[in-house]
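Trainee: Starting from these lines, generate the structure:
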Amino acid sequence: MALINPKKKEVQVKIVYYGPGRGGKTTNLEYINQKFKSRIKAEMVTVKTYGDRTLFFDFLPLDIGSINGYDIKIQFYTVPGQVKYNATRKLVLRGVDGIVFVADSMGLRREMNIRSLQNLEENLRSFNKDLSRIPLVFQYNKRDLAAHNIALLPLETMQQDLNAKLNAPYLEASAITGDNVALTMKKIISITIGSLKKKLEEK
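Mentor: Have a look, this model is predicted:
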């Protein structure tokens with residue numbers, strides 16, 4: 001659940017970009033950081049390993065205005081894709097309000113996408129959370145690679161593999177070119193804020 005500070009009249013919303021290693025999670029945040037620089041009040045924080053891979057997370061705060069007199073602060077995180085850092089992935093997921101699952105469209109990454117989604121569901125269960133009850137957007141990344149004669153998974157296959165049961169919103173995208181990156185971000189913010197408003201009204 002989002003952190004609500006009644007004194008500051010502020011709501012902190014946590015959105016996590018999840019998915020297999022090298023799928024484009026960090027590239028998404030780097031694009032958002034550049035595109036929305038004027039609304040970002042702090043530097044993007046990245047903790048990397050040897051070889052320039054994300055070890056812990058990328059963190060990017062974004063100010064999106066106010067709802068019902070409360071300032072809404074969005075905090076974006078990514079998780080490391082490598083299997084050996086699962087404890088870190090769990091840690092970053094704690095208190096998550098919304099998730100973007102960044103799937104890799106390359107044909108040879110099909111199994112990695114499926115395993116990563118299973119891992120997400122397992123990690124959420126450790127917090128007694130169900131993925132089907134959390135705001136979620138699928139981003140099918142690297143669609144631009146078709147122009148470079150790289151074999152991509154058909155959209156129908158990715159939908160069947162990842163989204164058949166969840167039936168969440170999805171977008172085809174390219175984090176490198178920025179195609180649909182901002183739209184993915186706006187979609188997950190919209191769904192997450194809508195879900196939080198509903199929860200607050202119920203309370």
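
Trainee: so K9 sits right up against Y70, yeah?
Mentor: Yes - counting by Cβ atoms under 8 Å, Y70 is a contact partner of K9 at 5.2 Å. Backbone N, C-alpha and C define where each C-beta goes, glycine included.

Trainee: Between these two, tell me which one has more neighbours.
Mentor: Y70 (17 against 12; other Cβ atoms under 10 Å).

Trainee: Distance of that one relative to L62?
Mentor: Per Cβ to Cβ, to the nearest Å, Y70 is found 15 Å from L62.

Trainee: for this structure, what spans make up the strands?
Mentor: Per DSSP state E, the chain carries strands over the ranges 3-5, 10-18, 45-48, 54-67, 70-78, 98-104, 136-141, 170-172.

Trainee: weakest of the ones you listed in terms of mean pLDDT?
Mentor: Of all these, the minimum mean pLDDT falls on strand 54-67 (a mean of 63).

Trainee: need the helix or strand of the protein with the lowest average pLDDT.
Mentor: Between all helices and strands in the chain, the lowest mean by mean pLDDT, DSSP states H and E belongs to strand 54-67, at a mean of 63.

Trainee: Where is the longest helix in the protein?
Mentor: helix 181-202 (DSSP state H).

Trainee: Do me a favour and average the pLDDT over stretch 148-168.
Mentor: The model assigns stretch 148-168 a mean pLDDT of 98.

Trainee: what separates it from the chain centre, distance-wise?
Mentor: Averaging C-alpha positions (Cα atoms, centre = their mean, to the nearest Å) puts stretch 148-168 17 Å from its chain's average.

Trainee: Name the residues of it that come out as buried.
Mentor: 152-153, 158, 162-163, 166, 168 (16 or more other Cβ atoms under 10 Å).

Trainee: Looking at the residues you listed, which one is closest to V79?
Mentor: Nearest to V79 among the buried residues of stretch 148-168: L162, at 16.7 Å, using Cβ to Cβ.

Trainee: Please tell me I have it right and the closest one contacts D104.
Mentor: No - assessed by Cβ under 8 Å, L162 is found out of contact with D104, at 11.0 Å.
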